[in-house]
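Peer 1: here's a sequence, model it:
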Amino acid sequence: MTRIFYDTEFRENGRTIDLISIGMLREDNGAELYLVNREAPWGDIMHHEWLRQNVVTGLPITHPLGREDNPGVWQFDEQHVDFAAVTSYSTIAYRVAEFVLAAPDPQLWAWYGAYDHVALAQLFGPMIELPDGIPMWTNDLRQECERLGNPRLPEQPEGEHNALADARHNLVRAQFLDELAGHRAQMTRRLNDGR
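Peer 2: So this is what the prediction gives:
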């Protein structure tokens, strides 16, 4: 089993989920993938205050006239360190499939992963077109946290709402929860052995 931690940023309106970006990280070898959807509904995204203030700020985008003064005027920033990540939706689908399928027995993990899984699965069209080998569900780290008593997790030091930074932090969360689960299992064994 190979755990792949991932995160997506998206625009949703209660009916549709439009992928903005995706970040993925393989636990076994540290391989990473980060892609930004050139074909996202950028006009709507730039006029969405929360997305503009929390997601767009970390993307390879520039506002030549000032972001708050005129959010509708923007362009991809070719000088940005992540500009190479900007690509078409179909290329994102191909590269995500390639990344996931390169992992032996992949498992997908995300934080509050329901919308992330829909954004990922929709890369391939309807659910029945999900490529063989790509999991039909995402394991939810938030659910695992709740199962373990809702402990206080390590805080993300930076990059919140950047899909790759969030995927990296999902690994940190998972390792913390793994350690906690291991300690609890060890305590349970000791208690059972003491009977």
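Peer 1: please make it C-alpha for all contacts and neighbour counts, starting now.
Peer 2: Will do.
Peer 1: show me the shaky parts of this protein.
Peer 2: Within the chain, the segments meeting pLDDT under 70 span 65-69, 71, 194-195.
Peer 1: show me where it has its helices.
Peer 2: Taking DSSP state H as the criterion, the chain contains helices spanning 42-46, 49-54, 89-101, 114-121, 141-147, 163-193.
Peer 1: next, the angle helix 89-101 makes with the fourth one.
Peer 2: If I follow you right, that is helix 114-121. For helix 114-121 against helix 89-101, the angle by axes from the mean of the first three to the mean of the last three CA atoms, to 10 degrees is 110 degrees.
Peer 1: can you get me a residue count around C145?
Peer 2: Counted with other CA atoms under 10 Å, the burial measure for C145 works out to 21 neighbours.
Peer 1: who's in contact with it?
Peer 2: P151, L177 (CA atoms under 8 Å, 6 or more residues apart in numbering).
Peer 1: how close does it get to F176?
Peer 2: As defined by CA to CA, to the nearest Å, C145 lies at a distance of 10 Å from F176.
Peer 1: shared neighbours, these two?
Peer 2: The contact lists of C145 and F176 share no entry, where a contact means CA under 8 Å, 6+ apart.
Peer 1: that older thread, need the helices of the chain in a markdown table (columns: distance to D132).
Peer 2: Converted to a markdown table, the helices of the chain look like this (distance: least, CA to CA, whole Å):
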| stretch | distance to D132 |
| --- | --- |
| helix 42-46 | 31 |
| helix 49-54 | 33 |
| helix 89-101 | 9 |
| helix 114-121 | 12 |
| helix 141-147 | 24 |
| helix 163-193 | 23 |
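Peer 1: and these, which is most packed in?
Peer 2: With neighbours taken as mean count of other CA atoms under 10 Å, the helices of the chain reach their highest mean count in helix 114-121, at a mean of 20.
Peer 1: residues making contact with that one?
Peer 2: Applying CA under 8 Å, 6+ apart, the external contacts of helix 114-121 come out as 7-10, 17-19, 110, 127, 130, 136-138, 140.
Peer 1: buried ones in stretch 2-13, by neighbour count?
Peer 2: Of the residues in stretch 2-13, those buried under the neighbour-count criterion (16 or more other CA atoms under 10 Å) are T2, R3, I4, F5, Y6, D7, T8, E9, F10, R11.
Peer 1: can you tell me which of the residues you listed are in strands?
Peer 2: Members of the buried residues of stretch 2-13 lying in strands (criterion: DSSP state E): T2, R3, I4, F5, Y6, D7, T8, E9, F10, R11.
Peer 1: OK, contacts around the residue nearest to the last one when sequence neighbours are not counted?
Peer 2: Going back to what we said before, that points to R11. Once flanking residues are discounted, R11 sits nearest to D18: 5.1 Å by CA to CA, 6 or more residues apart in numbering. Contact partners of D18, counting by CA under 8 Å, 6+ apart, are F10, R11, E12, A40, P41, A119.
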